[in-house]
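Student: Predicted model and sequence below, questions to follow.
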Amino acid sequence: MRLSNPEEIFLPLEPPKLFRHKGGMSGTIETITVLGGGAWGTALAQTAHRAGRAVTLWARAPEVIRKITETRENPDYLPNIPLDPRIRATSDMAQALSGAQAVLVVCPAQAVRSVLTTASDHWPAMAPAVLCAKGVEQGTMALMGEVCATVLPSAPIAVLSGPTFAKEVAEGRPTAVTLACTDPLLAEALVAALGTRSFRPYASTDVIGAEVGGAVKNVLAIACGVVEGLGLGDNARAALLTRGLAEIIRLGRSLGARPETLSGLSGMGDLILTATSMQSRNYSLGQALGTGRRLDAILAERKSVAEGVFSASAVVALAREMAVDMPICQAVNALVTGAMTVTDAVDSLLSRPLRPESDDV
């Protein structure tokens, strides 16, 4: 489908909202910094610019910044997507954060702590950290919001999560996401600052729910990819999607998330997208595992991170701590750590005893 007026879809939904933090600071969000020069960070920088904001994109690697500056594209992570020349790109953290009224944190989940630690000396007073990374930290079993609260205890926290492929967002194709923040006024301001007719954030106060859905679906997408690679059929994939959603809801509820959040964009919506398309890094990795390829060989040929590989052990450890049964995630963790073969992982799920469906949530 082609738009009769492609520019119309990029008009902001409404003027930026006035917001007021508990500390008394008020204003509108006009300047946004994006920390992370991968595909998703680049797409969000383009989106924020389309929404009318002044945008700075930070990446750790100077080479990525050089290519963006010289070609107005990010050929390594989001090729063939022209970037507006007014998007400023830098690898200098102090420059990137100077004057930012909101910061989108879009680095890989396992790098969030180190990136925020680097940013902490330059963080603008009262600027919210909008967490766009999806995962659970290895070792600590911390959600990204918990990591941020430890490193930046004064920064307001929001979470942006939902069914998104970076390329489609960068192209301006219609997309809906959850934007969760415990401060409703700040959530409204962020929605107004980022929203366009094609990129539609839906405000929520359930930060934990938005985080859990985004983190666990990456692990489950690997399982669905394995089903595809093994040729087990659409029935098996539908069963995994449904049973996987039950695992998300069980873990989320144990952590205080609302079930309706987990059945929404950042839970079920994100799971459906990520676990059914070869555009998904996690699904395509699982598909390759299902065909018999080795994990190290798959990872060696990729630049982008498949978050599910690195979050699997942390999700399983967190579930164990919360006494939550997550057999699909356990099987994926055993597979990516080499404790099980693909065949053994599938057998471990098919040999589980039958029980009433109502016992799950």
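Tutor: Great, that's in hand. Residues are numbered from 1 along each chain as shown.

Student: For Glu321, see how far away the closest residue to Phe310 other than its chain neighbours is.
Tutor: Using Cβ to Cβ, 6 or more residues apart in numbering and skipping residues adjacent in sequence, the residue nearest Phe310 is Gln110, 5.2 Å away. C-beta coordinates here come from the backbone N, C-alpha and C atoms, glycine included. Gln110 sits 19 Å away from Glu321, going by Cβ to Cβ, to the nearest Å.

Student: And these two? Which one has more around it.
Tutor: Just comparing Gln110 and Glu321: by other Cβ atoms under 10 Å the higher neighbour count belongs to Gln110, 18 against 10.

Student: Now do the more buried one, the pLDDT please.
Tutor: Confidence at Gln110, expressed as pLDDT, is 96.

Student: hang on, it packs against Thr140?
Tutor: No: Gln110 lies out of contact with Thr140 (Cβ atoms under 8 Å); the separation is 10.7 Å.

Student: follow-up on the earlier one: show me the contacts for the residue nearest to Phe310.
Tutor: If a contact means Cβ atoms under 8 Å, 6 or more residues apart in numbering, then Gln110 has Gly135, Glu137, Gln138, Phe310 as its contacts.

Student: ok, now with 10 Å
Tutor: Applying Cβ atoms under 10 Å, 6 or more residues apart in numbering to Gln110 gives the contacts Ala133, Gly135, Val136, Glu137, Gln138, Gly139, Val305, Glu307, Phe310, Ser311, Ala314.

Student: cool, and Ala257?
Tutor: Going by Cβ under 10 Å, 6+ apart, Ala257 touches 180, 206-213, 248-249, 251, 266-267.

Student: now, which of the residues you listed lie within helices?
Tutor: Of the contacts of Ala257, the ones assigned to helices by DSSP state H are Val207, Ile208, Gly209, Ala210, Glu211, Val212, Gly213, Ile248, Ile249, Leu251.

Student: what comes up buried for the host helix or strand of Val346?
Tutor: Taking DSSP states H and E as the definition, Val346 sits inside helix 342-350. For helix 342-350, the neighbour count (16 or more other Cβ atoms under 10 Å) marks Val342, Ala345, Val346, Ser348, Leu349 as buried.

Student: before we move on, the earlier item: now the residue nearest to Phe310: how far from Asn80?
Tutor: Taken as Cβ to Cβ, the span from Gln110 to Asn80 is 28 Å.

Student: Surely Pro163 and Leu273 touch.
Tutor: Yes: with contact defined as Cβ atoms under 10 Å, Pro163 reaches Leu273; the gap is 3.7 Å.

Student: who touches both of these two?
Tutor: Counting by Cβ under 10 Å, 6+ apart, the shared contacts of Pro163 and Leu273 are Lys217, Leu265.

Student: Of all the helices and strands in the protein, which has the lowest average confidence?
Tutor: Across the helices and strands of the chain, mean pLDDT, DSSP states H and E gives its lowest value to strand 19-20, namely a mean of 44.

Student: ranking the contacts of Ala257 by neighbours, who comes first?
Tutor: Among the contacts of Ala257, Ala210 has the most neighbours (other Cβ under 10 Å), with 34 neighbours.

Student: I would like a PyMOL command selecting only the buried ones among the contacts of Gln110, please.
Tutor: PyMOL command restricting these to the buried ones, with burial defined by 16+ other Cβ under 10 Å:
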select buried, resi 133+135+136+137+305+307+310+311+314
